[in-house]
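After the sequence you'll find the predicted model.
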Amino acid sequence: MTVQVNVSGVGLDARRQAVVLLRPDDELFGPRRVLPIWIGPQEAASISLAIGDTPSPRPLTHDLMVELAETLGATFGGVAVTRVEEGTFYAEVTLHTAAGTRVFDSRPSDAIALAVRTGAPITVADEVFEEAAVIDDLDDDSEDVDAGPVTEDEVQEFRRLLDEIGPDDFRG
């Protein structure tokens, strides 16, 4: 199963690392949850430009990829964040061509940059969302939701995560 998401935003974390935030289209996975994926600064700029529908003076790599695909009669069917292993996220891009449907391995940042430009749907594997999504405390538009008390197991899991991860773990 997968979770359909949209790009909630692109920003910088406390360490000034670029991060793209994916939010579920459906509240099924809980209110105020967001999936942060740390990305490179160039990819962050590319996604931000596409979200803002801001043209660049020269085509960026993702613009070129879209133009090449469209010129060859291909369409983007969607992108999927398929798994996370040791802090690294993996994605796939589906391209419909005259020769059939092709699925390409991709960094999530590149896949998201293509999806934003083409309007292709973005999905995340359920297990990835369950493992890596966090509560979005900055969402001022959401109603206050009482998720219940935090369990000791949740605190220990969070401490384990903090002890084991660093910025390099999130590079796509």
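Looks like it came in fine.

So for stretch 6-22, first residue to last residue, what's the gap.
6 Å (CA to CA, to the nearest Å).

Please apply the same query to stretch 112-125.
Between the opening and closing residues of stretch 112-125 there is a gap of 15 Å (CA to CA).

for stretch 37-46, same thing?
One end of stretch 37-46 sits 15 Å from the other (CA to CA).

hmm, who's touching it?
In this structure, residues lying in contact with stretch 37-46 by CB atoms under 8 Å, 6 or more residues apart in numbering are 10, 13, 17-20, 22, 47, 60-62, 81, 89, 107-110, 112-113, 167, 170-172. In this view, the C-beta of every residue, glycine as well, is placed from N, C-alpha and C.

what comes up buried for that stretch?
Judged by neighbour count (16 or more other CB atoms under 10 Å), stretch 37-46 contains these buried residues: 37-39, 43-46.

What of stretch 66-80?
By neighbour count, with 16+ other CB under 10 Å as the criterion, the buried positions of stretch 66-80 are 66, 69, 74, 76-80.

and it, what's its mean pLDDT?
Confidence over stretch 66-80 (mean pLDDT, whole number) is 96.
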